[in-house]
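[1] Predicted model, plus sequence, below.
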Amino acid sequence: MVIESSAPTRVDLAGGTIDIWPLYLFHPRASTVNFALSLRASARIETRDDDRIILESRDRGIRLESALDCIADLARDEELELVSKMVHFFRPETGFHLTAHSEAPAGAGISGSSALAIALIGALNRLVGDRYPKTEFISIASNIETTVIKVPAGLQDYYPAFYGSVSAIHLRPDGVEREHLAVNEDEIEERFVICYTGEPRLSGINNWEVFKRHIDGDRSLFQIFEVIRDAAEQMREALIAADWKAVGEIMRFAYPNRQRLAPNITTPHMNALVGKTLANGAEAAKVCGAGGGGCIAFLCAEGRKADVERALLEEEGAEVLSWKVSREGLVVSEG
């Protein structure tokens, strides 16, 4: 039996960091806004006739071999930690070869690990006979990935991976709700350029430090989060209204606020890329994820996408990504 699954990565447009539990509980109406990318993370499982378990990462060139009666040991693996912990959680009862792969560059800040978590759950759950309903996939992904990164995980990244398309994720005391935003996805594709800076995202931009400051009652940080909350609300409204002028204004206003939250969210190279694009048809820029490297999403003036792409291609190390909005989320097939 061969099981194949894949899930899309994402670009976060507004509301990042406020999606960490329990921080959003202190900011009524908290939400995030994002759209799914056709750059997907995937898992392929081929069952075996023996009791061997083979775990492989195509991207990292790592291959681990074990046996079914040693699954408990996978909880302590640090080479392929996310994959190993997922296998340990599901505890399959047949031998198999699992291959993981991501189309996103390493450290891109577009949620490749969260997309892989959802893809792994889709494949492994099918392998064990659909043990868990799909409604539990996001909770499982969040909980297991938290044990990998060892700090609280944000919640928004699992929703575009699971659902695809354009989303507003509403973070409320009675639960998290995903709202599909009826946005012209072709327009998003015409308006945005996504560039990988050539610098992997730095783990030193630490949500844990922000988390502790918030819980400790830092009033200036609380106000930054209020601005993040308001920007996400405004972004949702602007996208629904197809008001691209407002989208640009929200992005430009949010940019310095994110720098107040994490001053090293941009590097000199990233600042140079933003400056170059703003002079060549871009209207605003959004650092993807935690920043410090990774990807930048550029909002282009109408008809100027090609100009922005040309400007970026002139810069050393910059890679313009080829992508579409992913209309579908998690896909699992069996053959």
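    Received it, and whenever you're ready, just let me know what you need. Residues are numbered from 1 along each chain as shown.
[2] Now do the strands in the stretch 51-200 of the chain.
    Counting by DSSP state E, counting those that start in this stretch, the stretch 51-200 of the chain has strands at residues 52-57, 62-67, 96-102, 166-172, 175-180, 192-196.
[3] scratch that, the stretch 201-335 of the chain
    Ranges of strands in the stretch 201-335 of the chain, per DSSP E, counting those that start in this stretch, are 282-287, 295-300, 319-320, 331-334.
[4] Lowest average confidence across helices and strands of the chain, where is it?
    Sorted by mean pLDDT, DSSP states H and E, the helices and strands of the chain end with helix 207-215, the least confident at a mean of 88.
[5] picking up where we left off before, export the strands of the stretch 201-335 of the chain to TSV and append columns for mean neighbour count and mean pLDDT.
    Placement of C-beta: from N, CA and C, glycine included. Output for the strands of the stretch 201-335 of the chain, formatted as TSV (neighbours: other C-beta atoms under 10 Å; pLDDT from 0 to 100):
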stretch	mean neighbour count	mean pLDDT
strand 282-287	24	96
strand 295-300	25	97
strand 319-320	16	95
strand 331-334	14	97
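[6] if we compare these, which one ends up closest to residue 86?
    strand 331-334 (14.3 Å; C-beta to C-beta).
[7] Give the pairing partners of the closest one; include direction for each.
    Sheet pairing of strand 331-334 (DSSP bridges) gives strand 2-14 (antiparallel).
[8] now the partner strand against strand 96-102, angle please.
    30 degrees (axes from the mean of the first three to the mean of the last three C-alpha atoms, to 10 degrees).
[9] Quick one: distance of the next helix or strand after strand 2-14 to the chain centre.
    Downstream of strand 2-14, the first helix or strand assigned by DSSP states H and E is strand 31-47. Here strand 31-47 is found 9 Å from its chain centre; the criterion is C-alpha atoms, centre = their mean, to the nearest Å.
[10] Which residue lies nearest the spatial centre of this protein?
    Centroid-nearest residue in the chain: residue 111, 2.2 Å away (criterion: C-alpha atoms, centre = their mean).
[11] Isn't that one up against residue 160?
    Yes - counting by C-beta atoms under 8 Å, residue 160 is a contact partner of residue 111 at 7.4 Å.
[12] What segments of the stretch 51-200 of the chain are helices?
    Along the stretch 51-200 of the chain, the segments classed as helices by DSSP state H, counting those that start in this stretch run 81-90, 112-127, 137-149, 158-163, 185-191.
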